[in-house]
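**Q** This is the structure alone, sequence omitted:
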């Protein structure tokens, strides 16, 4: 009898789930600190909401759901699983014209992509998103960078880089190389720079038909980083980039004002985020070690919401990939959470003394202590062993002597130490 | 340009989501207090995991997903959306033979059913489940009742009833009426007792071919409640029910020992939970006002896990319906949460003074205060209005005088009161 998970999915058992919950709590705590409020959207969306938003390659990965009821034809599809949290947000904004702007929301929910499963990449995975809708103020862009930086710092990362670029600068660089009509494929190739290196990208650009002349005018524009690169682009591309350069300078300055370390944030003209819908600043975060690619990314998308309504509504946001972050943190040994959320196992000394144990566990729970009670008759040693292997730190024993004197024995399963306490003492110790 | 949600789904905007989050936090707090640990399973399951578990009527409501990639034929289906959290739990237990028993887990996740949408009933809805796997000890059954009672009390419900019955008693009653071969349809009819009343059920049973004699021997068994009903069944059905009656008496006694009020828990021989897989005690909770049917239910299912593996693994659990609970609580005005999770809006007095505001908001956030900062240039009054309408309780103003003296004005948007503070005073007031 073979039982299997759907390909590219996984279960999280308690120990893993407790670690994951800690990461989610840390991240949403930062989101709230920046004044983002929670929002929820359904996992299932009408298929026409998702199509035409993610490019051809993305669209192939959308899970489609068979039409149910209402006499749908055999094989007919009218629904799909959410592919990201940005397009559903755009739909929400379009459907709720009374939302007060700027609308700042966070959302932590799974998305689905029928992609090739890899390390830290699943077909069902969680995104942690913040977005600010309804303003072009660079404060909103800078807050995304600051949220990202604060999340990574709060999670315990020391070494990370947030790379920042601007879509208009990418366009201007491609135009300078005389390749404007090939902008999308050029950016798709450039997006692989980290994976296949400069030679690899150059070969791909050549294959795509970009002349040697074009390539040799493109590369110098991409070579520098930071302020020097901004100066270089301004000097070499002139007025057509001055607005974008000024925008990036403002965003950098505001982000620094919000406490983002200069060493963590760098302008990088080679950063080409894959998604079609970005229109302004784009950014992504990478941790230096271990190398798993980007663990978060985002940007400004001032055109997307307009695809759902007649209004033009600007927006900017950032998305953290929960599974990628967890893979990195586990590899770096950064997740030292307790294995169990229970503080004590109340053992049962013998069937006759079960009601005494029941009373103690009930009192503990009423006092807000997370506590388990042993089930089935088992030797005390076996009960201790079970608690210890589950990661429960304490065991409570009520034997005949304790029952007679109204006391309990508290055993620290780590040190093996035991102490005899009355119920008040037990509550004080564990609450 | 019509933009629509998938039928039977909805978005939750921040105000609703904050209320919902409070309910989830309350419920999971109780779950943890009883020593249940968190678990997560994917939304998408292989279709064969779900089929054959929910009866014909249930199975029709399963959402099916088109096969992706790997050369699937047009229209071929290999995945489905989770229909409940119990069957995936059974799969998890079957796939993880090393899980330490009893395995106590909680899970709060959405499930999907292509049902007719009604008040408080959606096609995508959240279940909050606890289950104890691997023991037949009635402590586990009693804990489900105590968890349920504690959840409802913690949420603020005063008037609720948990009805308790036993599958073996239902079978014996149906057998006593000579209708064993019709057990499932009889129980399906009986399940509608609350909706269509005794006459309605009687008419349905008659239509299904149950003789008047059978019906007149069935109804007296169903008429009483509580201890009297247990005594009556024992007296009239004899030994074949003594084990189940004793089991129910134990569960009742243990639940009372865990603090469940006698007035909140009643044995009710008419309770017939719809799902096929229950084998022992079954129970559900109803609130007296407003009447929305059951808001939680569960029972013992000792055969389900064995459908996935060669081992027989007993289990018992309870599931709370989040949307139903929210509908009732909103109708009763029980959810008086803040509209916003932000404590303050730091206004921008003028573009020249933006960096001062930036500094203050950054300090607030670093001190753990959830704070927004105004974007775009707007008059101060408009900024106050925005904060107030979002439900943010305080506004902070740094005008030229404050900037010069290193102080801020804190405005309580509820009372209109203003005070001038230095930064330390502001942090103390808001932290």
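**A** Yes, it's here. Predicted model, so just to flag it, every value in this text is computed and none were measured.
**Q** now residue A:148: how far from residue B:364?
**A** Using C-beta to C-beta, to the nearest Å, residue A:148 is found at 19 Å from residue B:364. No exception for glycine: its C-beta is placed from N, CA and C like everyone else's.
**Q** neighbour count winner among those two?
**A** residue A:148 (29 against 25; other C-beta atoms under 10 Å in any protein chain shown).
**Q** okay but that one is in contact with residue A:319, surely?
**A** No. Residue A:148 is beyond contact range of residue A:319, at 9.6 Å (criterion: C-beta atoms under 8 Å).
**Q** Which neighbours do the two have in common?
**A** Residues within reach of residue A:148 and of residue A:319 at once, by C-beta atoms under 8 Å, 6 or more residues apart in numbering or on different chains, are A:296, A:298.
**Q** relative to helix B:14-33, how tilted is the lengthiest helix in chain A?
**A** As assigned by DSSP state H, the longest helix anywhere in chain A is helix A:14-33. Orientation check (axes from the mean of the first three to the mean of the last three C-alpha atoms, to 10 degrees): helix A:14-33 against helix B:14-33 gives 150 degrees.
**Q** Could you name the helices and strands sitting against helix A:14-33?
**A** strand A:103-112, strand A:124-133, helix A:138-155, helix A:322-331, strand B:37-38 (3 or more C-beta pairs under 8 Å, 6 or more residues apart in numbering or on different chains; DSSP states H and E).
**Q** Neighbouring strands of the second one in the sheet, and parallel or not?
**A** The partner list of strand A:124-133 in its sheet, established with DSSP bridges, is strand A:103-112 (antiparallel), strand A:315-321 (antiparallel).
**Q** Quick check: mean pLDDT of the longest helix of chain A?
**A** In this model, helix A:14-33 has a mean pLDDT of 97.
**Q** buried set for it?
**A** Within helix A:14-33, the residues scored as buried using 16 or more other C-beta atoms under 10 Å in any protein chain shown are A:14-24, A:26-28, A:30-33.
**Q** mind showing which ranges of chain A have poor pLDDT?
**A** Within chain A, the stretches with pLDDT under 70 are A:1, A:69-75, A:274-275, A:290-292.
**Q** how about 50 then?
**A** Residue ranges of chain A with pLDDT under 50: A:71.
**Q** Torsion angles phi and psi at residue A:89?
**A** Main-chain torsions, residue A:89, degrees, to the nearest 10: phi -60, psi -40.
**Q** Show me what the spatially closest residue to it that is not a sequence neighbour is bridged to.
**A** Leaving aside its sequence neighbours, residue A:89 sits nearest to residue A:131 (C-beta to C-beta, 6 or more residues apart in numbering or on different chains; 5.7 Å). Note on residue A:131: beta-bridge partners by DSSP bridges are residue A:105, residue A:317.
**Q** Enumerate every residue touching residue A:131.
**A** Contacts for residue A:131 (C-beta under 8 Å, 6+ apart) come out as A:86, A:89, A:104-105, A:315-318.
**Q** Distance to residue A:263 added to the helices and strands packed on helix A:14-33, as CSV?
**A** Below are the helices and strands packed on helix A:14-33 laid out as CSV (distance: least, C-beta to C-beta, whole Å):
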stretch, distance to residue A:263
strand A:103-112, 27
strand A:124-133, 23
helix A:138-155, 11
helix A:322-331, 19
strand B:37-38, 36
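**Q** Of all the ones you listed, which one is nearest residue A:355?
**A** strand B:37-38 (25.7 Å; C-beta to C-beta).
**Q** ok, residues contacting stretch A:182-201?
**A** A:170-171, A:174, A:177, A:179, A:204-205, A:208-210, A:219, A:222, A:270, A:272-274, A:276, A:286, A:293.
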